[in-house]
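1. build me a model from this:
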Amino acid sequence: MTDVATFDSTDGKKKTRKVLSDAEKAFIAGLDTQTDYLKFSIPDEHPDSKVKHEPLQKDTELEVGQVEVEFSYPVCADSEEATGVINAKGWNLVDIVNEILTANARSNRYQLTAAKYKPSKLTQEEAMENIIRDMVRQGLSEEFARNSVTAMFAAAKS
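-> As a prediction, the model looks like this:
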């Protein structure tokens, strides 16, 4: 019988996951490892939210209140290793695909929602001029583009 751990998920449901054996842990630990970075915005209430931190990567710019963190994860080099991970974790193809689809949908929705609250670096006039320029580049007349963009922004205000 496979050992499982029960836990409460973020949606309030009880879920179980397989507890890996030492051999399964060793198999996964033996995979190649990749390292990546992510930016994290420190909540305003924290004193470090007012500090400009140094990035870990040379080509990264951080704003005040952001930190860059490094994380590592195992990667499979071929389908044999991938199958080994799937078996070790007790996963199946349907669960994997559904998990990826859910993660993508959640990420897309997060980005759309966050965009509403993120202030634009452009003034409204600069944004309007950029849109007008793009419309002209697509072959529309400047007069039509200017009238359309002006009407669009006016309608958004009402």
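2. okay, buried residues for stretch 57-73 please.
-> 62, 65-68 (16 or more other CB atoms under 10 Å). Bear in mind the C-beta positions are built from the backbone N, C-alpha and C, glycine included.
3. can you give me the end-to-end span of stretch 128-146?
-> End-to-end distance for stretch 128-146, by CA to CA, to the nearest Å: 8 Å.
4. what of stretch 131-147?
-> Span of stretch 131-147 from end to end, CA to CA: 12 Å.
5. start to end distance for stretch 117-128?
-> Using CA to CA, the two ends of stretch 117-128 sit 19 Å apart.
6. what ranges do the helices span in this structure?
-> For the chain, applying DSSP state H gives helices covering 22-29, 79-89, 93-117, 124-137, 142-157.
7. so which of the ones you listed is nearest His53?
-> The closest approach between His53 and any of the helices of the chain, judged by CB to CB, belongs to helix 93-117 at 20.5 Å.
8. looking only at pLDDT, what's the mean for that closest one?
-> Mean per-residue pLDDT for helix 93-117: 87.
9. residue nearest the middle of the protein, spatially speaking?
-> Geometric centre of the chain, nearest residue: Ser107, 5.1 Å, by CA atoms, centre = their mean.
10. check contacts around that one.
-> Counting by CB atoms under 8 Å, 6 or more residues apart in numbering, Ser107 touches no other residue.
11. residue at max distance from the center of this protein?
-> Farthest-from-centroid check, the chain (CA atoms, centre = their mean): Glu143, 39.2 Å.
12. how far away is that one from Ile132?
-> 10 Å (CB to CB, to the nearest Å).
13. equivalent analysis for Thr33, please.
-> Distance from Thr33 to Ile132, counting by CB to CB: 49 Å.
14. show me which of those two is the more surrounded one.
-> Ile132 (19 against 9; other CB atoms under 10 Å).
15. just the pLDDT for the closest residue to that one other than its chain neighbours.
-> Leaving out its chain neighbours, the residue that sits closest to Ile132 by CB to CB, 6 or more residues apart in numbering is Ala145, at 4.6 Å. Here the pLDDT value assigned to Ala145 is 96.
16. tally of neighbours for Ala145?
-> Counted with other CB under 10 Å, Ala145 comes out at 19.
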